[in-house]
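> just to be clear, the model below is a prediction. Sequence and coordinates:
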Amino acid sequence: MRPPLNHPDRLFPPDPKVRDIARALYGSVRDLPIISPHGHTDPQWFAGNENFSDPASLLVIPDHYVLRMLVSQGISLDDLGVPPLDAAGEPVDAEAVWRLFASNYHLFRGTPTRLWLDHTFETLFGMEEPLGPGSAEVYFRRISDCLAQEDFRPRALFERFGIEVLATTESAVDPLAHHRAIAESGWTGRVVTTYRPDSTGDPDHPQFLGDVERLGVLTGSGITRWQGFLDAHRQRRAFFRDHGATATDHGFPSAETADLPPAECIALYDKVIAGGASAADRALFRAQFLTEMAKMSVEDGMVMQIHPGSVRNHNAAVFERHGRDKGFDIPSRTDYVTALRPLLNAVGMEPGLSLIVFTLDETTYGRELAPLAGAYPALKLGPAWWFFDSPDGMRRFREQTTETAGFYNTVGFNDDTRAFPSIPARHDMARRVDCAFLAERVADHRLREDEAHEIARDLAYGLPKAAYGFG
């Protein structure tokens, strides 16, 4: 008999006694609803509820985890169906892309992408044979046939996946038309937006001046003045809350914050808007902007997420030809203790602030982030993120933060994905890893088994629901 694509004990400890504890813990949380509070799925999918077109467009072309691995082996983005910016909208040979992907599927051995995809292939599409060159056509036909069915439309999958709430991410100047259409459709699935104001808060963003001008048009605020700029953001935040938003999201290059006197803020804004600011001035503006967003979160109760430390679009040629989010965002060293101090000194003790911090620099877990979260009531740790939302990455996160910050200064798991079918696979992986971690602490008598069951449920469901205000 052919072994299943996904072993039922995957990611559990090899010791039989500890594995039995992990199995029991996992069994108690496996079928809990999914809270997906931080991601980048397209709200248009749920607004239009149209069938996904083909396997390649669903599972290969939009997934930068898939793209970057294949490109690292010399395969071109063009051959993977990612068109140049000047050829966007042209038809793609989806079957050729799929064959190329399948013939190189062995490259994903040992990666979380392989685990996510195999989970999706088996549980969603009923595949039993491993993907490879010989099974590429069978996979393509089977998945294509499924995607043509009513119960594979986005809303049906949302419900099948057991998603209780899903948050997308939109820019500060997005009209939120798709979210309005979802709300007016009568569908009961909860899809909310998240306020992502980076293009209006980062002078180095290519759309900065244009989006700041749009911000003024949308709100009627005098954005030529610092106070008008802040008032415009207050209005847009309120607009997003009216469309279900409970959180903001900030992805600047660093975690630097500042708390300048009002007169210095005005002078800095004038310099930035005029277009002649130095690199140091632009960095200072980003730093002040983060603190202003934190102060607004104290006012309006929106959860604030900061995920710094990514060098975006590292390959200039790929960016110029294909645009953003094509697998060339690379982690960098990140400081938090010094960088967050101005913001935390300003509002870090405020009971109305919930600040969730992510990192791409694992060296900061035990040295900086866990001690900060273990002291400031406003600060919580986001889960292992992006390059580290992997079995070993999740385990390292728990090992390096739990002794200092505990479990309850974290916010459970979120999937941070553009790949909609991977959501249940990612949450399943996180639940398995957390249950394995807890089982070991039961086995060495650091936790009682009843405590471990309670923690497992909180990590899978209770903490993210509470942290993002979805109660």
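Perfect, I can see it now.

> for the stretch 51-200 of the chain, which segments count as strands?
163-167, 170-171, 191-192, 195-196 (DSSP state E, counting those that start in this stretch).

> for residue 141, find the nearest of these.
With CB to CB as the criterion, residue 141 lies closest to strand 163-167 of those, at 27.7 Å. For glycine as for every other residue, the C-beta is placed from the backbone atoms N, C-alpha and C.

> quick one: list the elements packing against that closest one.
Where contact means 3 or more CB pairs under 8 Å, 6 or more residues apart in numbering; DSSP states H and E, strand 163-167 is packed against strand 34-36, strand 191-192.

> pLDDT on that strand, on average?
For strand 163-167, mean pLDDT is 98.

> only alpha carbons, please: show that strand as PDB.
Taking Å, rounded to 0.1, in the frame of the first residue of the first chain, the C-alpha atoms of strand 163-167 are listed here in PDB:
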ATOM      1  CA  ILE A 163     -12.700  30.000   9.100                       C
ATOM      2  CA  GLU A 164     -14.500  32.100  11.700                       C
ATOM      3  CA  VAL A 165     -12.900  35.400  10.700                       C
ATOM      4  CA  LEU A 166     -10.300  36.400   8.100                       C
ATOM      5  CA  ALA A 167      -8.600  39.800   7.800                       C
END
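
> just want the most central residue of the chain.
Against the mean C-alpha coordinate of the chain, by CA atoms, centre = their mean, the closest residue is residue 416 at 2.0 Å.

> mean neighbour count for the helices and strands packed on strand 163-167 - can I get that in JSON lines?
Below are the helices and strands packed on strand 163-167 laid out as JSON lines (neighbours: other CB atoms under 10 Å):
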{"stretch": "strand 34-36", "mean neighbour count": "26"}
{"stretch": "strand 191-192", "mean neighbour count": "24"}
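
> of all the strands of the stretch 51-200 of the chain, which one comes closest to residue 21?
strand 163-167 (27.1 Å).

> neighbouring strands of the closest one in the sheet, and parallel or not?
Strand pairing for strand 163-167, using DSSP bridges, gives strand 34-36 (parallel), strand 191-192 (parallel).

> redo the ones you listed as TSV? Include mean pLDDT.
Shown next, in TSV, are those (pLDDT from 0 to 100):
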stretch	mean pLDDT
strand 34-36	98
strand 191-192	98
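
> make TSV from the ones you listed and add distance to residue 294 to it.
Below are these laid out as TSV (distance: least, CB to CB, whole Å):
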stretch	distance to residue 294
strand 34-36	23
strand 191-192	21
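
> for residue 449, find the nearest of the ones you listed.
strand 34-36 (24.5 Å).

> check contacts around the residue lying closest to residue 174 once chain neighbours are set aside.
Spatially, and ignoring its direct neighbours in sequence, residue 174 is nearest to residue 193 (7.8 Å; CB to CB, 6 or more residues apart in numbering). For residue 193, the contacting residues are 43, 167-170, 174, 176, 179, 240, 243-245, by CB atoms under 8 Å, 6 or more residues apart in numbering.

> could you rerun that using 6 Å?
168, 170, 176, 179, 240, 243, 245 (CB atoms under 6 Å, 6 or more residues apart in numbering).

> got the CA coordinates for stretch 82-96 in CSV?
Output in CSV follows, covering the C-alpha atoms of stretch 82-96 (Å, rounded to 0.1, in the frame of the first residue of the first chain):
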residue,chain,number,x,y,z
VAL,A,82,4.6,35.7,-13.9
PRO,A,83,4.3,38.3,-16.7
PRO,A,84,6.4,41.4,-17.0
LEU,A,85,4.6,44.6,-15.8
ASP,A,86,4.2,45.8,-19.4
ALA,A,87,2.5,42.5,-20.3
ALA,A,88,0.1,42.1,-17.4
GLY,A,89,-3.2,40.5,-18.4
GLU,A,90,-1.8,38.5,-21.3
PRO,A,91,-2.9,34.8,-21.2
VAL,A,92,-0.7,32.2,-19.4
ASP,A,93,-0.2,28.6,-20.4
ALA,A,94,-1.3,27.3,-17.0
GLU,A,95,-0.7,23.6,-17.9
ALA,A,96,2.9,24.3,-19.0
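
> so how far is that stretch off the chain centroid?
A distance of 26 Å separates the centroid of the chain from that of stretch 82-96, by CA atoms, centre = their mean, to the nearest Å.

> returning to what we had before: among the strands of the stretch 51-200 of the chain, which is nearest residue 3?
Closest among those, using CB to CB: strand 163-167, at 29.6 Å.

> and for the closest one, what's in contact with it?
33-37, 190-192, 194, 470.

> could you pull out the strands for the stretch 301-450 of the chain?
303-306, 310-311, 330-331, 355-357, 379-381.

> what does the domain assignment say about this structure?
Domain assignment for the chain by automatic domain parsing gives 16-48+153-467, 51-152.

> deepest of those, which one?
Comparing those by mean neighbour count (mean count of other CB atoms under 10 Å), domain 16-48+153-467 comes out on top with a mean of 19.

> and that one, how far apart are its ends?
For domain 16-48+153-467, the first-to-last residue distance is 35 Å (CA to CA, to the nearest Å).

> ditto for stretch 383-397
First-to-last residue span, stretch 383-397, CA to CA: 8 Å.

> ok, stretch 74-88 next?
22 Å.

> please begin residue numbering at 886 from this point
Happy to do that; since the first residue is 886 now, the last one works out to stretch 959-973.

> quick check: mean pLDDT of it?
pLDDT averaged over stretch 959-973 gives 90.

> over to stretch 1347-1356?
For stretch 1347-1356, the per-residue pLDDT averages 96.

> cool, and stretch 1299-1319?
96.

> which residues touch that stretch?
896, 911, 914, 919, 921-926, 947-948, 1001, 1004-1005, 1009, 1046, 1276, 1279-1280, 1298, 1344-1345.

> and the contacts of residue 1078 as CSV, adding distance to residue 1139?
Converted to CSV, the contacts of residue 1078 look like this (distance: CB to CB, whole Å):
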residue, distance to residue 1139
1053, 25
1055, 23
1061, 29
1064, 30
1125, 25
1128, 30
1130, 25
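
> contacts only, for residue 1201.
Taking CB under 6 Å, 6+ apart as the definition, residue 1201 has no contacts.

> where does the nearest residue to residue 1212 once chain neighbours are set aside sit relative to residue 1271, distance-wise?
Nearest non-adjacent residue to residue 1212, counting by CB to CB, 6+ apart: residue 953, 2.9 Å away. In this view, residue 953 and residue 1271 are 11 Å apart by CB to CB, to the nearest Å.

> repeat for residue 911
24 Å.

> got it, and residue 1350?
From residue 1350 to residue 1271 the distance is 22 Å (CB to CB).

> equivalent analysis for residue 1322, please.
On the measure of CB to CB, residue 1322 and residue 1271 end up 20 Å apart.

> same deal with residue 1017?
28 Å.

> and for residue 1309?
19 Å.

> could you do residue 1125 as well?
In terms of CB to CB, residue 1125 sits 24 Å off from residue 1271.

> picking that back up, return the member of the contacts of strand 1048-1052 nearest to residue 957.
Scanning those for proximity to residue 957, where the rule is CB to CB, the winner is residue 921, at 28.2 Å.

> ok, and the closest non-adjacent residue to the closest one?
Closest to residue 921 by CB to CB, 6+ apart is residue 1051, at 4.4 Å.

> report the beta-bridge partners for that neighbour.
Beta-bridge partners, per DSSP bridges, of residue 1051: residue 921, residue 1076.
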